[in-house]
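Enquirer: give me a model of this one.
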Amino acid sequence: MSRSEFDSLTPTRDFTRRSFVQTAVGSGFAAAVLPVSAQTITTDTAGLTAGVVNIPVGGSSIPAYRAAPAGKTGLPVILVLSEIFGVHEHIADVARRFAKLGYLAIAPELFIRQGDAKAYTDIPKLLSEVIAKVPDEQVMADLDASVAWAKANGGDTSRLGVTGFCWGGRQVWLYAAHNPAVKASVAWYGKLVGESTPLSPKQPVDVAGKLGGPVLGLYGGADAGIPLDSVDKMKAALASGSPAAKKSEFVVYPDTPHAFHADYRPSYRKEAAEDGWKRATAWFKANGVA
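Expert: Below you'll find the predicted structure:
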């Protein structure tokens with residue numbers, strides 16, 4: 001949809017938001033982030049197989065957005081974990097960026113049992129009604145199922161990487177400790193410390209020493225939600241952990257806010273985002289994923 005077509009739908013913002021949201025995984029932007037920025041990056045599907053797939057989990061399934069080089073098998077695998085907004089267009093675009101580099105990228109919709117994160121216009125309601133009800137145990141199982149799907153559908157899971165943003169960044173750390181098959185991970189501004197709850201009994205700092213593969217943490221020095229002392233606590237926990245924990249690294253971008261990679265939002269910082277992307281892809285190559 002062009003900007004002029006978008007603007008012509010209606011003069012009222014609320015209706016515009018509802019019109020633009022599409023419920024299909026990986027299609028359209030989440031209602032809570034509209035209107036999107038003019039600097040939003042769009043990656044085409046030329047040369048790719050891309051679209052929604054269903055991942056079997058237990059006796060049911062969850063949807064996911066998959067992107068991969070067309071006709072290729074034996075591909076390294078990247079799991080792409082979303083922010084609180086679910087697998088909307090930006091997360092699908094990140095998957096396509098990895099696919100253009102030769103990866104089988106899978107972005108599972110990890111909130112589907114709790115609700116449609118993309119449909120919410122109010123972020124506090126989204127957090128309380130959907131995100132706060134997602135158990136970490138459920139996420140780990142869904143990611144395990146996504147890896148199994150990748151192995152059965154052209155992926156080489158001996159070269160497995162994980163990346164994620166904000167909420168997904170926190171899950172990156174947890175999954176790196178959960179699954180020893182993960183070769184390397186990149187966490188973008190994911191929460192590191194916090195209280196234990198029944199649905200989130202462990203925080204990344206609690207499992208830092210158990211990492212099976214090294215994690216690169218990309219964080220903003222001006223992130224109001226992730227103070228730098230929590231990064232320091234995580235570094236200390238990593239330093240006394242497994243070999244992979246000790247190999248993990250942080251890059252903190254000075255004067256940079258949360259969500260600096262989100263090119264569809266005002267928080268986007270082009271220089272930090274581009275540097276982070278270069279570091280992320282180099283990290284995967286250096287640690288046996290590519």
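Enquirer: show me where the stretch 1-150 of the chain has its strands.
Expert: Applying DSSP state E, counting those that start in this stretch to the stretch 1-150 of the chain gives strands spanning 48-57, 60-69, 75-81, 104-108.
Enquirer: and of the ones you listed, who's closest to residue 145?
Expert: The closest of the strands of the stretch 1-150 of the chain to residue 145 is strand 48-57. By Cβ to Cβ, the value is 4.3 Å. All C-beta spots, glycine's among them, are computed from the backbone N, C-alpha and C.
Enquirer: paired strands for that closest one, with orientation please.
Expert: Looking at strand 48-57 with DSSP bridges, its partner strands are strand 60-69 (antiparallel).
Enquirer: if I pick residue 236, what's in contact with it?
Expert: Shown in contact with residue 236 (Cβ atoms under 8 Å, 6 or more residues apart in numbering): no residues.
Enquirer: how about the contacts made by the closest residue to residue 83 other than its chain neighbours?
Expert: Among residues not flanking residue 83 along the chain, residue 166 sits closest, at 4.1 Å (Cβ to Cβ, 6 or more residues apart in numbering). The contact partners of residue 166, by Cβ under 8 Å, 6+ apart, come to 83, 84, 188, 189, 190, 258, 259.
Enquirer: can you do 7 Å?
Expert: By Cβ atoms under 7 Å, 6 or more residues apart in numbering, the contact set of residue 166 is 83, 84, 189, 190, 259.
Enquirer: and what of residue 172?
Expert: Applying Cβ under 7 Å, 6+ apart, we find residue 172 in contact with 81, 162, 163, 164, 185, 187, 190, 215.
Enquirer: tell me which other helices or strands the stretch of helix or strand the second one belongs to touches.
Expert: Under the criterion of DSSP states H and E, residue 162 resides in strand 155-165. The helices and strands touching strand 155-165, judged by 3 or more Cβ pairs under 7 Å, 6 or more residues apart in numbering; DSSP states H and E, are strand 75-81, helix 136-152, helix 167-178, strand 182-188.
Enquirer: residues contacting that strand, please?
Expert: Residues outside strand 155-165 that contact it (Cβ under 7 Å, 6+ apart) are 74-83, 104, 147, 150-151, 171-172, 175-176, 181-188, 190, 261, 280, 284, 288-289.
Enquirer: now that strand against strand 75-81, angle please.
Expert: For strand 155-165 against strand 75-81, the angle by axes from the mean of the first three to the mean of the last three Cα atoms, to 10 degrees is 30 degrees.
Enquirer: in strand 155-165, what's buried?
Expert: By neighbour count on 16 or more other Cβ atoms under 10 Å, the buried set for strand 155-165 is 155, 157, 159, 160, 161, 162, 163, 164, 165.
Enquirer: measure the closest residue to residue 58 other than its chain neighbours to residue 178 for me?
Expert: Closest residue to residue 58 apart from its sequence neighbours, by Cβ to Cβ, 6+ apart: residue 141 at 7.7 Å. Here residue 141 is placed at a distance of 10 Å from residue 178 (Cβ to Cβ, to the nearest Å).
Enquirer: what's the angle between the one helix or strand residue 231 maps to and strand 182-188?
Expert: Remark: residue 231 resides in helix 228-239, with elements defined by DSSP H and E. Calculated by the same axes, to 10 degrees, helix 228-239 forms an angle of 170 degrees with strand 182-188.
Enquirer: so which elements touch the next helix or strand after helix 228-239?
Expert: Where DSSP H and E defines the elements, the next helix or strand beyond helix 228-239 is helix 243-247. Applying 3+ Cβ pairs under 7 Å, 6+ apart, we find helix 243-247 packed against helix 228-239.
Enquirer: buried set for the helix it packs on?
Expert: Under the neighbour-count criterion of 16+ other Cβ under 10 Å, helix 228-239 has 230, 231, 233, 234, 235, 237, 238 buried.
Enquirer: go on, stretch 25-32?
Expert: Buried, per 16+ other Cβ under 10 Å, within stretch 25-32: 25, 26, 27, 28, 29, 30, 31, 32.
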